[in-house]
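# here is a sequence with its predicted model. Questions after.
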Amino acid sequence: MVKHKPHYLLKAIQAQMTTPEAMNLTLSALAGMRSLGMAQADALTVIQSLTSVKFFKSMTTHSNH
């Protein structure tokens, strides 16, 4: 199922993630960062640089509706 509007506001997420300590990441996110050789500070830089233009749609996964 394609969703035409985001469930979360990017600006709200960016406002919560102002420091690496404030990121509140899942274990999956931490594992993904490690596999890419990124530190939390690197991931924070990426998150803060995102704009809504980078997102064009959201889809429900087949395994978790």
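Happy to help now that I have it. Residues are numbered from 1 along each chain as shown.

# what residue ranges in the chain score low on pLDDT?
For the chain, the stretches with pLDDT under 70 are 1-4, 57-58, 61, 63-65.

# roughly how far does the residue most central in space within the chain sit from residue 60?
Nearest to the geometric centre of the chain sits residue 47, at 6.5 Å (CA atoms, centre = their mean). Residue 47 sits at a distance of 23 Å from residue 60 (criterion: CB to CB, to the nearest Å). Glycine gets a C-beta too; all of them are placed from N, C-alpha and C.

# what's the burial count for residue 28?
By other CB atoms under 10 Å, the residues close to residue 28 number 8.

# I'd like the numbering to begin with 7 instead of 1 from here.
With 7 as the first residue, the last one maps to residue 34.

# distance-wise, check it relative to residue 22.
Taking CB to CB, one finds residue 34 at 18 Å from residue 22.

# circling back to that earlier point, so the residue nearest to the centre of the chain is in which element?
Assigned by DSSP states H and E, residue 53 falls within helix 46-55.
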